[in-house]
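> Got a predicted structure plus its sequence, pasted below:
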Amino acid sequence: MTSGSSIANEIEKENTDVLESTQAVILKALETLGYDKQVYEILKNPLRTLSVRFPVKMDDGSVRVFTGYRAQHNDAVGPTKGGIRLHPDVTQEEIEALAIWMSIKCGIADLPYGGGKGGIQCDPRDMSFAEIERVSRAYVRAVSQIVGPAKDIPAPDVFSNSQNMAWMVDEYSKLREFDSPGFITGKPLVLGGSRGRESATARGVAICIEEAAKVRGIALADAKVIVQGFGNAGSFVAKFMFDAGAKVVGISDAYGALYREEGLDIDELLERRDSFGTVTRLYRNTISNRELLEMPCDILIPAAIENQITQENAKKIQASIVIEAANGPTTTAATDILTENGVLLVPDVVGNSGGVIVSYFEWVQNNQGYYWNGEEVEARLASRMRTSFHRVYNAAGRYNVNMRLAAYIVGVQRMAEAIRWRGWV
Ligand SMILES: NC(=O)C1=CN([C@@H]2O[C@H](COP(=O)(O)OP(=O)(O)OC[C@H]3O[C@@H](n4cnc5c(N)ncnc54)[C@H](O)[C@@H]3O)[C@@H](O)[C@H]2O)C=CC1
Ligand SMILES: O=C(O)CCC(=O)C(=O)O
């Protein structure tokens, strides 16, 4: 077992292992709050991770065996909740770290959930529509014993969307022999989805940007913005910034980046991107994702994948505000460098929590069978986002710590209390 102090010392070093670096921040947060080491022992890893292998018939008649995971971090507060990603680089450790982040996120936003996350190792960009459907359904059959509307509620994540959720809820409803819309969120409206869920992650990011810009005295209409990633999170946030009058000077996808000092036409890019958030291949004069992050801007929004801002490039970031729309885009060492350089970093567990907040609204609406209009959803989301931002911003001041540690201090407390009340320690 690793001792507390040696884990805490590791925080100073570059660590791109997302699970280990998350554990280090959780330990610091619990120590700051004065919790016993036994609470850390419970929270450092998920309570359950199911690893599954499932065969799927491909269009050419061959059979391919896929690997998938569903991790449930902690259910002391309530059922677990979190997305399912379909990506070739999915690993068990990554999914476990993502499940832990969901717990912290739900704690900050005060949602009655613990964290969960799922993943399938595959590249849907290389698969037919029918193959993606068979993989989505087979995954649900493989994990069906541990998920459910009162146990663990999945949602979309990287390379999954409302269509995957529709196939998954259909499969689950067949297995359970009744209609169970509350099994999964991020569904199409006609299957019990919530108004505002599709753009909720980005809407939440935009609200954080408004709050951070106020704190920093930046006028959004004059701001230069760069967004890495042009999928569900990135493309909508680029659109919200564009509509707010900001100059979106850079965007990217997995294949490269576009940077134009005079600003990009986001409406045109939105029309041309595909369902996996790919657009740069249609343009000449692209730069790399790495170069994009270092270009001049006021607000930088990583909205793609993990470990994009590291100790290698953190010093070269020119933005004064970094809002993490992606999960885990900044390493712990880079968080320290950005903070020392006076950058206001809004961590993922706050910045991108709009997605799970509206997923929670969707689940509530499914449970009550009564649906809200778009304005109601938006107003409730805005209120929770602003409260979360300021809880974390104030905690950073109160404890004199960086925004990530402050977020963990705020996010872990409710779970630790639930564990204590249940008598687990
Ligand atoms: N969809 C949601 O509701 C939520 C998503 N997130 C996080 O936001 C991030 C993006 O997710 P989504 O927008 O949903 O996914 P998406 O699948 O809609 O889009 C992903 C985007 O990232 C790009 N990308 C993929 N690999 C890349 C790489 N190696 N380098 C640069 N760009 C790359 C893709 O080309 C695409 O533009 C992820 O970290 C996800 O966990 C967080 C909260 C909720
Ligand atoms: O909408 C949800 O339930 C979860 C979204 C998600 O996976 C995330 O916030 O990382």
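On my side now, so go ahead. Small disclaimer: the values here were computed from a predicted structure and weren't measured. Ligands and ions are numbered 1, 2, ... in the order given.
> Mind listing what's buried along stretch 378-390?
378, 380-382, 384-385, 388-389 (16 or more other Cβ atoms under 10 Å). To be clear about C-beta, it is placed using only N, CA and C from the backbone, and glycine gets the same treatment.
> Centre of the chain to that stretch, how far?
Distance of stretch 378-390 from its chain centroid, counting by Cα atoms, centre = their mean, to the nearest Å, is 17 Å.
> CA-only coordinates of it, as PDB, when you get a sec.
The C-alpha trace of stretch 378-390 is given here as PDB (Å, rounded to 0.1, in the frame of the first residue of the first chain):
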ATOM      1  CA  GLU A 378     -31.900  26.300 -18.900                       C
ATOM      2  CA  ALA A 379     -32.800  28.400 -15.800                       C
ATOM      3  CA  ARG A 380     -32.300  25.400 -13.500                       C
ATOM      4  CA  LEU A 381     -29.000  24.600 -15.200                       C
ATOM      5  CA  ALA A 382     -27.700  28.100 -15.000                       C
ATOM      6  CA  SER A 383     -28.500  28.400 -11.300                       C
ATOM      7  CA  ARG A 384     -26.700  25.200 -10.500                       C
ATOM      8  CA  MET A 385     -23.700  26.100 -12.600                       C
ATOM      9  CA  ARG A 386     -23.200  29.500 -11.100                       C
ATOM     10  CA  THR A 387     -23.500  28.100  -7.600                       C
ATOM     11  CA  SER A 388     -21.000  25.400  -8.400                       C
ATOM     12  CA  PHE A 389     -18.500  27.800  -9.900                       C
ATOM     13  CA  HIS A 390     -18.700  30.200  -6.900                       C
END
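> Name the residues that touch it?
For stretch 378-390, contacts defined as Cβ atoms under 8 Å, 6 or more residues apart in numbering pick out 108-110, 196, 200, 203-204, 207-208, 211-212, 346, 350, 353-354, 357-358, 361, 372.
> shouldn't V147 be in contact with I153?
Yes. Contact status for V147 versus I153: in contact at 7.4 Å, counting by Cβ atoms under 8 Å.
> shared neighbours, these two?
F183.
> Excluding chain neighbours, what is closest to the residue of the chain found nearest ligand 2?
Closest contact between the chain and ligand 2, by Cβ to the nearest ligand atom, is at G83 (2.7 Å). Leaving out its chain neighbours, the residue that sits closest to G83 by Cβ to Cβ, 6 or more residues apart in numbering is D157, at 3.0 Å.
> That neighbour touches I84, doesn't it?
Yes. Applying Cβ under 8 Å as the test, D157 and I84 come out as touching, 5.8 Å apart.
> Specify which residue of the two has the higher count of neighbours.
A direct count of neighbours by other Cβ atoms under 10 Å for D157 and I84 places I84 higher, at 31 against 26.
> For that one, report the pLDDT, please.
At I84, the model reports a pLDDT of 98.
> and I226, how far is that from G351?
Taking Cβ to Cβ, to the nearest Å as the measure, I226 falls 15 Å from G351.
> ugh, wrong one, I meant A333
19 Å.
> coming back round to it: now do the phi/psi pair for the residue nearest to G83.
phi -150, psi -150 (degrees, to the nearest 10).
> List, one by one, the residues from this protein near ligand 1.
Contact residues (Cβ under 6 Å from any ligand atom) of the chain with ligand 1: 156-159, 201, 229-234, 252-254, 276-278, 289, 303-305, 325-327, 352, 355.
> Flag every residue of the stretch 251-400 of the chain that's near ligand 2.
327, 352, 355-356, 359.
> Kindly tell me how buried R272 is, as a neighbour count.
R272 - counted by other Cβ under 10 Å - has 13 other residues nearby.
> Check the one 5 residues further on too.
Applying other Cβ under 10 Å, we find 21 other residues in the vicinity of G277.
> same question, F230
29.
> cool, and the one 3 residues further on?
When neighbours are counted by other Cβ under 10 Å, A233 registers 31.
> hang on, isn't it packed against V205?
Yes. A233 lies in contact with V205 (Cβ under 8 Å); the separation is 6.9 Å.
> Now do the shared contacts for these two.
If you check A233 and V205 against Cβ under 8 Å, 6+ apart, the residues they both contact are 303, 325, 352.
> how much space is there between the first one and F183?
Read it as A303. Distance from A303 to F183, by Cβ to Cβ: 27 Å.
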